[in-house]
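Give me the fold of what follows.
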Amino acid sequence: MIRLLNVAAICCLIGSALYAYRIKYDTLYDTEEAAKLERQVDAEKQAIATLRGEWQAMSAPGRLQILADKYLDLVPLNVRHTAVSAADLPRKQAEGDEIGRKLDALGLGEPTTTPSRGGSAGSTPTGSRKP
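Take a look at the predicted model:
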């Protein structure tokens, strides 16, 4: 019986050692993958910085002016053609009550009279008599 327990303990010891080594190598693999990804991220950041520098060089105003003069037949803008008189400008909408304007347009904007409480006998609701 003791030999059987010794064999079981040795098997458990070997199994736990194998499990520990597997975890160790998995951790090393994951660490290498993380380092590889960090290198890729750094390379992409450097590529982005390079592209931004190239974009700034390509869109420099001096370079664009030379290209526009060479390839586009642009004419200077005549300011007199864009002048607009004050009469041509649209009027500002009056701020106010939109619902009130609609009621006025329908003829319902005038104040109404409220009926008095002591009106005709038939105007009292049923079951609510005053003493």
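
Tell me how far the helix or strand where residue 3 lies lies from the chain's centre.
Residue 3 is part of helix 2-58 when elements are defined by DSSP states H and E. Distance, stretch centre to chain centre, for helix 2-58: 36 Å (CA atoms, centre = their mean, to the nearest Å).

Can you check what angle separates whichever helix or strand comes after it from helix 2-58?
Sequence order places helix 61-71 as the next helix or strand after helix 2-58, per DSSP H and E. Using axes from the mean of the first three to the mean of the last three CA atoms, to 10 degrees, the direction of helix 61-71 lies 60 degrees away from that of helix 2-58.

And the residue positioned nearest the centre of the chain, how far from residue 38?
The centre of the chain sits closest to residue 48, judged by CA atoms, centre = their mean, with a distance of 23.6 Å. The gap separating residue 48 from residue 38 is 16 Å, by CB to CB, to the nearest Å. All C-beta atoms are positioned from the backbone trio N, CA, C, and that covers glycine.

Got phi/psi on residue 97?
Dihedral pair for residue 97: phi -90, psi 110, per degrees, to the nearest 10.

burial measure for it, as a count.
10 (other CB atoms under 10 Å).

What is the burial count for residue 109?
Applying other CB under 10 Å, I find that residue 109 has 13 neighbouring residues.

pretty sure it is touching residue 99, no?
No: if you go by CB atoms under 8 Å, residue 109 and residue 99 don't touch, sitting 9.6 Å apart.

elements contacting the least confident helix or strand in the chain by mean pLDDT?
The weakest-scoring helix or strand in the chain, judged by mean pLDDT, DSSP states H and E, is helix 98-106 (a mean of 83). Of the remaining helices and strands, none touches helix 98-106 by 3 or more CB pairs under 8 Å, 6 or more residues apart in numbering; DSSP states H and E.

Renumber starting at 692 from here on
Renumbered: residue one is now 692, and that last one reads helix 789-797.

Report the mean per-residue pLDDT for stretch 695-714.
For stretch 695-714, mean pLDDT rounds to 95.

cool, stretch 759-777 as well?
pLDDT averaged over stretch 759-777 gives 78.

Now do that stretch: distance from first to last residue.
35 Å (CA to CA, to the nearest Å).
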